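Chemist: Need the 3D shape of this:
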Amino acid sequence: MTKRLSTKTLTLRLVVASLAASAAIAGGLAIQMAGGHDPALGAGTANAQPQATSGSQSDFGQSASPPASVTTRAS
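Modeler: Modelled structure (predicted):
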């Protein structure tokens, strides 16, 4: 018969596995962001094209002037 592991040993193994998984995920995200791809912005952020300054390019539907009135909430 093999000896059963104690609760303390199992807890320690779970904590170590959780920290290793967190480090792996954070490392993967850091590598992606260092390469110019921000996963939060969705697909295609690594190949973003610079905007042309000529007037013939569209502004992607954004108006040149800000909205007339902006309502803010008082803190």
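Chemist: Going by C-alpha atoms from here, please, whenever you check contacts or count neighbours.
Modeler: OK.
Chemist: Any stretches of this structure with poor pLDDT?
Modeler: In the predicted model of the chain, residues 43-71, 74-75 satisfy pLDDT under 70.
Chemist: Which of the helices or strands spans Leu29?
Modeler: helix 7-34 (DSSP states H and E).
Chemist: residues near Ala20, how many?
Modeler: Neighbour count for Ala20, taken as other Cα atoms under 10 Å: 12.
Chemist: Revised request: answer the last question for Arg13.
Modeler: Around Arg13 there are 12 other residues, counting by other Cα under 10 Å.
Chemist: what about it, distance to Gly27?
Modeler: Using Cα to Cα, to the nearest Å, Arg13 is found at 21 Å from Gly27.
Chemist: Return the distance of the residue lying closest to Met33 once chain neighbours are set aside relative to Thr72.
Modeler: Spatial nearest neighbour of Met33, chain neighbours left out: Pro39 (7.6 Å); criterion: Cα to Cα, 6 or more residues apart in numbering. Pro39 sits 30 Å away from Thr72, going by Cα to Cα.
Chemist: who's more crowded, these two?
Modeler: Neighbour comparison, Pro39 and Thr72: the larger count goes to Pro39, with 13 against 6 (by other Cα under 10 Å).
Chemist: what's near enough to touch that one?
Modeler: 29, 32-33 (Cα atoms under 8 Å, 6 or more residues apart in numbering).
Chemist: Please identify the helix or strand for Arg73.
Modeler: Going by DSSP H and E, Arg73 is not part of any helix or strand.
Chemist: what's stretch 12-27 in contact with?
Modeler: Outside stretch 12-27, no residue is within contact range by Cα under 8 Å, 6+ apart.
Chemist: May I see the buried residues of that stretch?
Modeler: Counting neighbours by 16 or more other Cα atoms under 10 Å, one finds that stretch 12-27 has no buried residues.
Chemist: what does stretch 28-40 give?
Modeler: 37-38.
Chemist: mind checking the SS state of His37?
Modeler: Assigned state for His37: coil (three-state reduction, DSSP: H, G, I helix; E, B strand; the rest coil).
Chemist: phi, psi of it?
Modeler: phi -110, psi 120 (degrees, to the nearest 10).
Chemist: That one and Leu29, how far apart?
Modeler: Taking Cα to Cα, one finds His37 at 9 Å from Leu29.
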